[in-house]
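> Turn this into a structure:
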Amino acid sequence: MKIKVLGASGSDLPKHNLSSFLLDGTILFDAGGVTSCLSFKAQQRIEHIFITHAHLDHIRDIPFVADNIILSGKLKQINIFSIREVIEDIKSHLLNYKLWPDFTVIPNTQESILKLNIIEEEKTIAVNGYEITAYRMNHTVPSVGYLVEAKGKRFFYTGDTSSAPDTWKKLAEKKLDALIVEISFPDSMKEIALKTGHLTAQLFFEDLKLFNYFPKRIYITHVKPFYKSQIKKDLKNVGQKVKILNGGEVIRI
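Okay, here's the model as predicted:
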């Protein structure tokens with residue numbers, strides 16, 4: 001597994017790209033910051049996009065990837081996957097001919113640039129040699145994280161979430177090679193984190209106690225750049241080794 005971190009920021013600022021993780025060049029997890037990071041040739045390689053939830057910083061570049069493909073004349077179809085609520089939001093509020101053309105019917109319904117696919121929670125699907133399973137997370141809108149498995153290796157990407165003990169209990173027996181988890185706010189802003197459906201270091205490590213096996217590696221995403229230094233201090237206070245992602249890293253599992 002080779003995961004290229006296109007973006008891992010909780011805010012859209014210069015040199016801080018929004019959430020996008022590219023697996024083996026063909027499978028994308030969230031699409032907040034894609035087109036500014038990938039050449040058109042690399043965008044052409046994308047076959048599947050798994051979306052955690054419909055907030056703009058996780059779906060923003062879906063329309064621009066589609067636009068680049070159709071304008072190039074090198075037509076291909078990209079599969080968009082998520083749970084029903086997320087797919088319906090993308091269709092109703094993004095690809096609705098008001099905010100953007102509906103690339104699920106362009107150039108036609110049979111050969112559309114984008115194909116929306118509803119997946120069921122905790123039902124595993126096979127994609128490009130990987131088994132991918134969606135688990136419900138705890139956010140202000142319907143949201144999932146993804147367990148990705150292949151050849152005895154596995155990682156989990158949370159997307160946006162607050163404390164989610166029910167999900168962690170379901171994953172307690174999984175021996176994760178990597179956990180990519182959001183921490184958006186410092187511990188001093190716990191109330192705001194809870195109200196907005198996000199994590200602090202303290203909230204996350206309380207949840208992590210539910211795991212029977214500690215993940216081999218933990219990567220922190222969606223950090224608000226304004227609070228990065230404080231979040232670093234909070235993570236040191238917990239005493240566990242973790243890495244805050246900046247974007248541009250390559251994670252090999």
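> When you work out contacts or count neighbours from here on, use the C-alpha atoms and nothing else.
Fine.
> Can you get me a residue count around the residue lying closest to residue 2 once chain neighbours are set aside?
Leaving aside its sequence neighbours, residue 2 sits nearest to residue 252 (Cα to Cα, 6 or more residues apart in numbering; 4.7 Å). Residue 252 has 12 neighbours, counted by other Cα atoms under 10 Å.
> which strands and helices sit next to the helix or strand containing residue 116?
Using DSSP states H and E, residue 116 falls within strand 114-118. Identification of packing neighbours for strand 114-118 by 3 or more Cα pairs under 8 Å, 6 or more residues apart in numbering; DSSP states H and E yields strand 78-82, helix 84-93.
> That strand pairs with which strands, parallel or anti?
Applying DSSP bridges, strand 114-118 is found paired with strand 78-82 (parallel).
> by how many degrees do the strand it pairs with and helix 84-93 diverge?
Interaxial angle of strand 78-82 relative to helix 84-93 (axes from the mean of the first three to the mean of the last three Cα atoms, to 10 degrees): 130 degrees.
> what about dumping the CA coordinates of strand 78-82 to PDB?
Taking Å, rounded to 0.1, in the frame of the first residue of the first chain, the C-alpha atoms of strand 78-82 are listed here in PDB:
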ATOM      1  CA  ILE A  78     -14.800   7.700 -12.000                       C
ATOM      2  CA  ASN A  79     -16.800   5.900  -9.300                       C
ATOM      3  CA  ILE A  80     -17.900   8.000  -6.300                       C
ATOM      4  CA  PHE A  81     -18.600   5.800  -3.200                       C
ATOM      5  CA  SER A  82     -20.300   6.600   0.100                       C
END
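> got a list of contacts for it?
Residues outside strand 78-82 that contact it (Cα atoms under 8 Å, 6 or more residues apart in numbering) are 46-53, 87, 113-119, 134.
> hmm, which of the residues you listed are the buried ones?
Those of those that meet the buried threshold are 46-53, 87, 113-116, 119, 134, by 16 or more other Cα atoms under 10 Å.
> circling back to that earlier point, next up, the contacts around the residue nearest to residue 2.
By Cα under 8 Å, 6+ apart, the contact set of residue 252 is 1-3.
> make it 10 Å
By Cα atoms under 10 Å, 6 or more residues apart in numbering, residue 252 lies in contact with 1-4, 23-24, 177-178.
> Buried only: go through these for me.
For the contacts of residue 252, buried by 16+ other Cα under 10 Å: 1, 3-4, 23, 177-178.
> Quick check: which of the helices and strands packed on strand 114-118 is buried the most?
Ranked by mean neighbour count, the helices and strands packed on strand 114-118 are led by strand 78-82 with a mean of 22 (mean count of other Cα atoms under 10 Å).
> Report the buried residues of stretch 6-20.
Neighbour-count burial for stretch 6-20 [16+ other Cα under 10 Å]: 6-12, 16-20.
> Of those, which is the nearest to residue 219?
For the buried residues of stretch 6-20, the minimum distance to residue 219 (Cα to Cα) is 10.1 Å, reached by residue 8.
> From what I see, that closest one and residue 29 are in contact.
No - counting by Cα atoms under 10 Å, residue 8 does not reach residue 29; the two are 11.3 Å apart.
> Now do the shared contacts for those two.
By Cα under 10 Å, 6+ apart, the residues touching both residue 8 and residue 29 are 19-21.
> Okay, and the beta partners of residue 118?
The partner residues for residue 118, given DSSP bridges, come to residue 82.
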